[in-house]
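A.B. asks: quick one, what's the 3D model for this:
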Amino acid sequence: MSETTETIFSKIIRREIPADIIYEDNLVLAFKDIHPQAPVHILLIPKKTIPTLADAESEDHALLGHLLLTAKRLAEEAGLKNGYRVVINTGDDGGQTVHHLHVHILGGRQLNWPPG
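C.D. replies: Next up, the predicted model:
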């Protein structure tokens with residue numbers, strides 16, 4: 001996968017496809033998942049195209065930290081006081097369906113383990 005691979009998330013970043021955007025800064029964009037798996041299901045994506053977590057490089061260190069701290073902030077803002085799950089699916093066997101790194105923030109109910 002090259003960094004120029006077009007995904008649905010690239011189109012959302014460019015506002016070519018509508019999304020229920022709940023947060024944006026110069027590095028990331030967050031929106032509600034259209035197929036939620038929990039009462040709260042937010043997708044958080046970097047604006048820089050990184051196909052999978054396995055493709056991240058040392059130069060992405062600050063961006064990856066920003067993703068996790070933003071996930072924490074969004075969970076707090078969503079009122080997930082009893083806890084939440086942060087998931088990054090990586091590659092086909094990891095269940096990744098869009099090859100643009102993204103973080104799932106899930107909460108609002110008791111989440112089972114193992115997930116699937």
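
A.B. asks: backbone dihedrals for the closest residue in space to A38 that isn't next to it in sequence, please?
C.D. replies: Distances taken as C-beta to C-beta, 6 or more residues apart in numbering put L106 closest to A38, at 4.3 Å, once the chain neighbours are dropped. From N, CA and C alone the C-beta is placed, and that goes for glycine too. Note on L106: backbone dihedrals following degrees, to the nearest 10 are phi -120, psi 140.

A.B. asks: give the bridge partners for L106, please.
C.D. replies: As for beta bridges, L106 partners with H41, R85 under DSSP bridges.

A.B. asks: hang on, it packs against L43?
C.D. replies: No. L106 lies out of contact with L43 (C-beta atoms under 8 Å); the separation is 10.2 Å.

A.B. asks: ok so, going back, need the contact list for the residue nearest to A38.
C.D. replies: L106 is in contact with Q37, A38, V40, H41, Y84, R85, V86, V87, counting by C-beta atoms under 8 Å, 6 or more residues apart in numbering.
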